[in-house]
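Undergrad: Return atomic coordinates for the entry below.
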Amino acid sequence: EPLRTKAESLKSEAEPLRHESEPLRTDAEPLRSEAEPLSSETEPLRPELESLRPEVDPVRQVLQEVDPTRQEADVISQEPEPDRHGIESEPNRLEPEPISIEVDPEPAKQETEP
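TA: Have a look, this model is predicted:
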């Protein structure tokens, strides 16, 4: 009897969740059919990706130690994005100004006192 009461309680809790999840399920269907062809395109690349893992994992670990707050997506998305006016902008970087050094072709003559 206590188990039956518990089951009824859980069933009544699950019912509203079922109604909430139904629209999400119908939204997911078109996305799933869209993802299928992409999966078949990316699957042949998986062995190559796995072969790179030994090189990438140590770098990931060092990045995590250097800046634990940085997300991997931050590292990946360094490409410039178009600004509000549709003009592609470069990431904000401080560019060093070129230094020009003028060299006098005639070396300075040192004056020597007698």
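Undergrad: When you work out contacts or count neighbours from here on, use the C-alpha atoms and nothing else.
TA: Fine.
Undergrad: what number of residues lie near residue 63?
TA: Residue 63 is flanked by 16 other residues according to other C-alpha atoms under 10 Å.
Undergrad: Let me see the contact set for it.
TA: For residue 63, the contact set (C-alpha atoms under 8 Å, 6 or more residues apart in numbering) is empty.
Undergrad: how about it, secondary structure?
TA: Following DSSP: H, G, I helix; E, B strand; the rest coil, we place residue 63 in the helix state.
Undergrad: how close does it get to residue 6?
TA: With distances taken as C-alpha to C-alpha, to the nearest Å, residue 63 is found 49 Å from residue 6.
Undergrad: what do you get for residue 55?
TA: Counting by C-alpha to C-alpha, the gap from residue 55 to residue 6 is 52 Å.
Undergrad: cool, residue 56 as well?
TA: From residue 56 across to residue 6, the span is 49 Å (C-alpha to C-alpha).
Undergrad: again, but for residue 52
TA: 51 Å.
Undergrad: now residue 21
TA: In terms of C-alpha to C-alpha, residue 21 sits 23 Å off from residue 6.
Undergrad: Ok, residue 22 next?
TA: For residue 22 relative to residue 6 (C-alpha to C-alpha), the value is 24 Å.
Undergrad: Run through the protein and note the low-pLDDT ranges.
TA: 72-98, 103-105, 107-114 (pLDDT under 70).
Undergrad: ok, now with 90
TA: The chain contains residues with pLDDT under 90 at 1-2, 15-46, 49-50, 53-114.
Undergrad: what ranges do the helices span in it?
TA: 2-42, 46-66, 72-76 (DSSP state H).
Undergrad: And these: which comes nearest residue 100?
TA: helix 72-76 (34.4 Å; C-alpha to C-alpha).
Undergrad: Just want the phi and psi numbers for residue 100.
TA: Main-chain torsions, residue 100, degrees, to the nearest 10: phi -110, psi 130.
Undergrad: so who does it touch?
TA: Contacts of residue 100 (C-alpha under 8 Å, 6+ apart): none.
Undergrad: That one and residue 106, how far apart?
TA: 18 Å.
Undergrad: Ok, residue 48 next?
TA: 61 Å.
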